[in-house]
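>>> Take this sequence and fold it.
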Amino acid sequence: MADQPRDIEEQIKRMLLHFIEKPNCIILSVTAANTDLSTSDAIQLSKDVDQEGKRTLGVITKIDIMDRGTDAMDVLLGRVIPLRLGFIGVVNRSQADISGNNPIFSANTASTGRSPIAVERPI
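Down below sits the predicted model:
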């Protein structure tokens, strides 16, 4: 970008590390469901400072736009990358749901084919 410094990526990384290196910091690692979790910059950066995943909370967004026939259950259940604080999945409503005044609960059920679930994980 013309209006950003050339080293903007490095500046952002230094700023993030300044905060997440602190041992009392909870790391919120946000990754889109339609990307490869193993190459996620957010997950990699959190692993750099929290190797055991004890203070990282994963957030998987865009679950609603995953390819049909796929799901994020293995990720959400910690089978792909184990995090002590676990993962939270985010499902957005479609424009049709918003325009049709469909309640959020029914929109989530329709997009996933099942009712929203919460998996309890002992901390």
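>>> pLDDT weak spots in this structure?
1, 104-123 (pLDDT under 70).
>>> all helices in it, in order from the N-terminus.
Secondary structure of the chain (DSSP state H): helices at 8-20, 41-49, 73-76, 95-99, 104-112.
>>> want to try JSON lines for those helices, with mean neighbour count as columns?
Every residue, glycine included, has its C-beta placed from N, CA and C. JSON lines is the format used below for the helices of the chain (neighbours: other Cβ atoms under 10 Å):
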{"stretch": "helix 8-20", "mean neighbour count": "12"}
{"stretch": "helix 41-49", "mean neighbour count": "17"}
{"stretch": "helix 73-76", "mean neighbour count": "15"}
{"stretch": "helix 95-99", "mean neighbour count": "11"}
{"stretch": "helix 104-112", "mean neighbour count": "15"}
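>>> of these, which approaches Ala32 most closely?
helix 41-49 (9.8 Å; Cβ to Cβ).
>>> And that closest one, what does it pack against?
helix 8-20, strand 27-32, strand 56-61 (3 or more Cβ pairs under 8 Å, 6 or more residues apart in numbering; DSSP states H and E).
>>> Give me the angle between the last one and helix 8-20.
If I follow you right, that is strand 56-61. 130 degrees (axes from the mean of the first three to the mean of the last three Cα atoms, to 10 degrees).
>>> Direction included, what does strand 56-61 pair up with?
Looking at strand 56-61 with DSSP bridges, its partner strands are strand 27-32 (parallel), strand 87-89 (parallel).
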